[in-house]
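Chemist: Fold the following for me, if possible:
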Amino acid sequence: MSVHVPGKSVLRFARFELDLESAELRKAGRVIHLQGQPFKVLILLATHSGQVVTRQQIQREVWSSDTFVDFEQGLNFCIRQVREALSDDAKQPSYIETLPRRGYRFIAPVERIDQVPEAAKPPTVLPAPPRARSRLLMIGVPAFAVALLLISAAYAVWARWRQANPSNGRIMLAVLPFENMSGDREQQYLSDGMTEEMITQLGRLHPRLGVIARTSAMRYKGVKKDIGEIGRDLGVNYVVEGSLRLAGGRVRITAQLIQVGDRTHLWAESYDRDLRDILAVQGEVARAIAHQISIHVDTQEREVDSEIYQLYLKGRYFWNKRSGESLKRAVAYFEQAVAKDPNYAPAYAGLADTYTVLGFYSGLPPQSAYSKARAAARRALELDAKLADAHTSMAAIMIDYDWDWLAAEREYQLALELNPSNATAHMWYASCLVPLGRLDEAIMQAKRALELDPLSPLINTSLGLHLYYAHQYPQAVEQHRKAVALDPAMGVAHLNLGRAYEAMGRFPEAIAEFQKAQDLDHQSSSTTAALGHAYAWSGNKDRGRELLTDLRQHAEREFVSAYDVALLYVGLGQKDQALEWLQKAYEERSGRLVSLKVDPRFDDLRADPRFAALGARMGYAGPKERF
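Modeler: Next up is the predicted model:
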């Protein structure tokens, strides 16, 4: 009886070789470093070349059963790492094609080579008995490689993580606001910019590392509070503290990493550099922190003129304030930055973000605002296709103005592959899933955003809004109340809380919240429409008609969305007029129509063929009766 001696298997595609025995990826003979989990994903995809590999299949075959909570972020990270190793473009792929809602497909032809030794040696000198090795091959090379790589590549990270956070598999970290030690309030933008840049750099390091977003972190600016309390407030294992002093063109930065559980100072360092080296310092700090929490990462510093970088930081500083005046100042600073360096991608992304917000909140006419936002986002992506903020902005334009849900989803997935800790991308992705009818996933994304930014009133009310769309009204009320408690002056939180009360038939409370929102938002058309709808729906149609008259008169002075007029007509039970004004809202490209499919206030119109036809024109997924 002859003995079969298997050789090693190699998958060859283009100029690459994937050695399944040595667990190496080589390009033209040169070994390309790829971490354990991404390598396993690549094996699975390449061994199924030309076939759709679903996300569920990847989870089943590559991830263990106790990592479900982090699977989505982990997979996004792995795909990003594989694409970087293969120099693959996610938008125009040569190797890995993304199939939204389904999974991935390896599209390059793959040749499998089984290299058999020239002479088979006796079984006694083989590294494993022949039958055992045959059985392993029958089980499948991917499973065998998974077992090997799990031991060799993941143990060190797992052990440290298990000690730091045994409950859910994520290491959570907060960057507290860097203290401005310059004594000059005009330099505040620089310390705030250092905080935000550190959040961004650390947030994209690794899917196991969750970094609290800027909104929640900035609530501790100038606040003296015990590290243990901060850790409990934010649900983090580690805290980064620091300060910054600028004098004579030089900057002195100090930073320290503290473990919340026992207040241990794990690492501290000071840097005294020329201002132009500030980005390099940020990279050094990120690497040092990653080393302390046992996460391997390769950070890349960008070279940029210090004056341009300061203009960019000032733009972000005012963009984060979100008022009409501050947004105008943000535009001015970003435009100065791109005027000085037309190839500086982050400044274009800042412009895109600012015009997107101006368009959404009617600070500019939608056509003008979104046109400028699109041009800026495109330029940013031309210069740096790996800039997560630019993908997020482009996706927002596709949702609110283009109504191209699937294209927007691809952009959000790219943004989250590039930066898994981007809370804004998670929050806006949730809104993208609403018109697709995937409310469970929308709620999951909104909760992920909240995990990364737990003290953000906007993200709290965003989660409440998605619970409202899912008809989970008591939970929505609770969530909106949290948002109101965080910021009682936030009109949209009162507006959304009123919507949840109204859906429950609690009209006095709903009207009270709408009136608060109207006072805070200076009688905006959206709050007037919501208030009028609630009055009319509760039986007081005379008051509803009065508010409709107010709205029509308001439209003679300044822009009023046709959507708001339609909403009031729905409350009054005038369906023909409501549908007429919804058609006008469609023609003006109102972003508010994105939620039309799930907003319960429009349920009385769903049986009308004209309403279904409107949904079809907007490109909503699914049969008409679901719209």
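Chemist: Any stretches of this protein with poor pLDDT?
Modeler: Where the chain drops to pLDDT under 70, the residues are 1-8, 64-71, 73, 114-170, 205-208, 293-304, 320-324, 361-363, 523, 621-627.
Chemist: count of residues packed around Lys541?
Modeler: 17 (other C-beta atoms under 10 Å). C-beta coordinates here come from the backbone N, C-alpha and C atoms, glycine included.
Chemist: Is the spatially most central residue of the chain in a helix, a strand, or coil?
Modeler: Closest to where the C-alpha atoms of the chain average out (C-alpha atoms, centre = their mean) is Ala425, at 2.5 Å. Here Ala425 is recorded as helix under DSSP: H, G, I helix; E, B strand; the rest coil.
Chemist: can you map out the strands along the chain?
Modeler: 8-13, 16-19, 24-27, 30-32, 52-54, 96-99, 103-106, 111-115, 171-175, 179-180, 209-211, 238-247, 250-259, 264-274 (DSSP state E).
Chemist: Buried deepest among those, which one?
Modeler: Comparing these by mean neighbour count (mean count of other C-beta atoms under 10 Å), strand 209-211 ranks first with a mean of 27.
Chemist: From the rest of the structure, what touches stretch 249-265?
Modeler: With C-beta atoms under 8 Å, 6 or more residues apart in numbering as the contact definition, stretch 249-265 has outside contacts at 164, 178, 181, 190, 194, 227-228, 230-231, 236-245, 266-275, 277-278, 281, 285, 288-289, 292-293.
Chemist: Any idea how many residues pack against Leu86?
Modeler: 22.
Chemist: Next, work out how far apart it and Ile79 are.
Modeler: For Leu86, the distance to Ile79 equals 11 Å [C-beta to C-beta, to the nearest Å].
Chemist: Please apply the same query to Leu450.
Modeler: In terms of C-beta to C-beta, Leu450 sits 24 Å off from Ile79.
Chemist: Gln310 is nearest to which of the strands of the chain?
Modeler: Among the strands of the chain, strand 238-247 comes nearest to Gln310, with 9.8 Å by C-beta to C-beta.
Chemist: Check which helices and strands the closest one sits against.
Modeler: Packing partners of strand 238-247 (3 or more C-beta pairs under 8 Å, 6 or more residues apart in numbering; DSSP states H and E): strand 171-175, strand 179-180, helix 188-203, helix 227-234, strand 250-259, helix 278-292.
Chemist: so who does the spatially closest residue to Asp384 that is not a sequence neighbour touch?
Modeler: Distances taken as C-beta to C-beta, 6 or more residues apart in numbering place Ala345 nearest to Asp384, at 3.8 Å, with adjacent residues excluded. Neighbour list for Ala345: Arg379, Ala380, Leu381, Leu383, Asp384, Leu387, Ala390 [criterion: C-beta under 8 Å, 6+ apart].
Chemist: Put together CSV for these, with neighbour count and distance to Ser371 on each row.
Modeler: Output for the contacts of Ala345, formatted as CSV (neighbours: other C-beta atoms under 10 Å; distance: C-beta to C-beta, whole Å):
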residue, neighbour count, distance to Ser371
Arg379, 20, 13
Ala380, 27, 15
Leu381, 22, 16
Leu383, 17, 19
Asp384, 18, 22
Leu387, 21, 20
Ala390, 30, 16
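Chemist: Pipe those residues into TSV and attach distance to Ala530 per row.
Modeler: Shown next, in TSV, are the contacts of Ala345 (distance: C-beta to C-beta, whole Å):
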residue	distance to Ala530
Arg379	38
Ala380	35
Leu381	37
Leu383	41
Asp384	41
Leu387	37
Ala390	33
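Chemist: now, which of the residues you listed sits nearest Lys91?
Modeler: Distance ranking of those against Lys91, using C-beta to C-beta, places Leu381 first at 8.5 Å.
Chemist: any idea how far the nearest residue to that closest one once chain neighbours are set aside lies from Ala90?
Modeler: In this structure, Leu381 finds its nearest non-sequential neighbour in Ala390, 5.0 Å apart by C-beta to C-beta, 6+ apart. Distance, Ala390 to Ala90, by C-beta to C-beta: 13 Å.
Chemist: ditto for Ala449
Modeler: 22 Å.
Chemist: And for Tyr620?
Modeler: Distance of Tyr620 to Ala90, given as C-beta to C-beta: 26 Å.
Chemist: Quick one: closest of the strands of the chain to Asp608.
Modeler: strand 96-99 (34.9 Å).
Chemist: so what secondary structure elements neighbour that closest one?
Modeler: helix 71-86, strand 103-106.
Chemist: The first one packs against which elements?
Modeler: Packed against helix 71-86 by the contact rule (3+ C-beta pairs under 8 Å, 6+ apart) you find helix 36-46, helix 55-62, strand 96-99, helix 405-418.
Chemist: Then the shortest one?
Modeler: Of the remaining helices and strands, those touching strand 103-106 by 3+ C-beta pairs under 8 Å, 6+ apart are helix 36-46, strand 52-54, helix 55-62, strand 96-99.
Chemist: partners of the last one, with directions?
Modeler: For strand 96-99, the paired strands and their directions (DSSP bridges) read strand 103-106 (antiparallel).
Chemist: can you give me how far the strand it pairs with is from the chain middle?
Modeler: Computed by C-alpha atoms, centre = their mean, to the nearest Å, the chain-centroid distance of strand 103-106 equals 21 Å.
Chemist: Show residues contacting it.
Modeler: Counting by C-beta under 8 Å, 6+ apart, 45-46, 48-58, 79, 95-99 sit against strand 103-106.
Chemist: re earlier: of the helices and strands packed on strand 238-247, which is nearest Leu582?
Modeler: Ranking the helices and strands packed on strand 238-247 by distance to Leu582, with C-beta to C-beta as the measure, places helix 188-203 first at 39.6 Å.
Chemist: how far does that closest one sit from the chain's center?
Modeler: A distance of 18 Å separates the centroid of the chain from that of helix 188-203, by C-alpha atoms, centre = their mean.
Chemist: cool, and stretch 562-580?
Modeler: With C-alpha atoms, centre = their mean, you get 34 Å for stretch 562-580.
Chemist: end to end, how far does that stretch reach?
Modeler: Stretch 562-580 has an end-to-end distance of 9 Å (criterion: C-alpha to C-alpha, to the nearest Å).
Chemist: just stretch 414-425 next, same as before
Modeler: Start-to-end, stretch 414-425 (C-alpha to C-alpha) is 10 Å.
Chemist: What are the contacting residues of that stretch?
Modeler: 73, 76-77, 79-80, 90-91, 199-200, 202-204, 207, 209-211, 213, 215, 386-389, 391-392, 395, 412, 426, 429, 449, 452-453, 456, 459.
Chemist: Can you verify my assumption that His466 contacts Ala446?
Modeler: Yes. Using C-beta atoms under 8 Å, His466 is in contact with Ala446, at 4.9 Å.
Chemist: what residues are shared contacts of the two?
Modeler: Common contact partners of His466 and Ala446 (C-beta under 8 Å, 6+ apart): Ala430.
Chemist: how about the closest residue to Ser526 other than its chain neighbours, what does it touch?
Modeler: Using C-beta to C-beta, 6+ apart and skipping residues adjacent in sequence, the residue nearest Ser526 is Asp564, 5.7 Å away. Contact analysis of Asp564 by C-beta under 8 Å, 6+ apart lists Ser525, Ser526, Thr528, Ala529, Leu551.
Chemist: before we move on, what about Ala555?
Modeler: Contacts of Ala555 by C-beta under 8 Å, 6+ apart are Ser525, Val565.
Chemist: just use 46 as the starting number from now, easier for me
Modeler: Got it, the first residue is 46 from now on, which makes the last one we talked about Ala600.
Chemist: Would you agree Thr401 is in contact with Ser416?
Modeler: No. At 11.3 Å, Thr401 and Ser416 do not qualify as touching, with contact defined as C-beta under 8 Å.
Chemist: higher neighbour count, those two?
Modeler: Applying other C-beta under 10 Å to Thr401 and Ser416 shows that Thr401 carries more neighbours, namely 26 against 16.
Chemist: Now do the more buried one against Thr469, distance only.
Modeler: Relative to Thr469, and taking C-beta to C-beta, Thr401 is found at 11 Å.
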